[in-house]
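1. below is the sequence, then the predicted model.
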Amino acid sequence: MSEDPGVHELRLGIYATQQQADEIKERITRLLCPDPDHAPPCPVPWSMSMVHMSDPDARERHPGLVEQAEAEKHLRP
């Protein structure tokens, strides 16, 4: 296995409210960049994006999670 750095993609699908998703995104951001006021660039380059389950990309990336989320919506009073 090569020890040279490269781009790796980690995907995380969650069923959460927008507030919960924003909080988790903020926590991950702080893990990747604990000092938001540092001089650029970050020691480890990174980027992040967030999509809502209504976005076609979400359905493509996490079909099982979207299916579960839609089923659970119907179970709630």
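-> Received it, and whenever you're ready, just let me know what you need. Numbers count the residues shown, from 1 in each chain.
2. in the helix or strand that Glu72 is a member of, which residues are buried?
-> Assigned by DSSP states H and E, Glu72 belongs to helix 63-75. Residues of helix 63-75 classed as buried: Leu65, Val66, Ala69 (neighbour count, 16 or more other Cβ atoms under 10 Å). To be clear about C-beta, it is placed using only N, CA and C from the backbone, and glycine gets the same treatment.
3. just the terminal-to-terminal distance for stretch 56-69.
-> Terminal residues of stretch 56-69 are spaced 15 Å apart (Cα to Cα, to the nearest Å).
4. and that stretch, how far out from the chain's middle?
-> Chain-centre distance of stretch 56-69: 13 Å, with Cα atoms, centre = their mean, to the nearest Å.
5. top helix in the chain by residue count?
-> helix 18-32 (DSSP state H).
6. name the residues that touch the helix holding Glu72?
-> Contacts of helix 63-75 with the rest of the structure, by Cβ atoms under 8 Å, 6 or more residues apart in numbering, involve Gly13, Ile14, Tyr15, Met53, Ala58, Arg59.
7. got the phi/psi numbers for the fifth one?
-> Per-residue torsions, Ala58: phi -60, psi -40 (degrees, to the nearest 10).
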